[in-house]
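S.K.: Only the shape, not the letters, is given here:
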């Protein structure tokens, strides 16, 4: 996912995206453990996406960037 796409999302959407990515990461790690992971690259991509989302949320919390709310 591109950072610009994340910045266009509302705060609620970004938080939902983080929840989805954390759940996907759990499922991929589980598949990796039991040896059924079809695409190991996806695990790395999801970790990076989680990092990007958390960075965007940190910037918002510190007032460095403003994310639109649903009402805007």
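M.R.: Nice, I can see it. Please read these numbers as outputs of a predicted model, since none were measured by experiment. Numbering: from 1, shown residues only.

S.K.: The nearest residue to residue 54 once chain neighbours are set aside sits in which helix or strand?
M.R.: Closest residue in space to residue 54, ignoring its immediate chain neighbours: residue 18 at 7.0 Å, by CB to CB, 6 or more residues apart in numbering. Where C-beta positions appear, they are placed from N, C-alpha and C, glycine not excepted. Taking DSSP states H and E as the criterion, residue 18 maps to helix 11-34.

S.K.: The next helix or strand after that helix vs helix 11-34, what angle?
M.R.: Once helix 11-34 ends, the next helix or strand along the chain (criterion: DSSP H and E) is helix 40-61. Angle, helix 40-61 to helix 11-34, by axes from the mean of the first three to the mean of the last three CA atoms, to 10 degrees: 150 degrees.

S.K.: could you say what helices and strands helix 40-61 packs with?
M.R.: helix 3-8, helix 11-34 (3 or more CB pairs under 8 Å, 6 or more residues apart in numbering; DSSP states H and E).

S.K.: what residues does the shortest one touch?
M.R.: Residues outside helix 3-8 that contact it (CB atoms under 8 Å, 6 or more residues apart in numbering): 14, 17, 52, 53, 56, 65, 67, 68.

S.K.: Give the buried residues for the helix or strand bottoming out on mean pLDDT in the chain.
M.R.: When each helix and strand of the chain is scored by mean pLDDT, DSSP states H and E, helix 3-8 comes last, with a mean of 88. By neighbour count on 16 or more other CB atoms under 10 Å, the buried set for helix 3-8 is residue 6.

S.K.: cool, and stretch 30-42?
M.R.: So for stretch 30-42, counting by 16+ other CB under 10 Å, buried means 31, 37.
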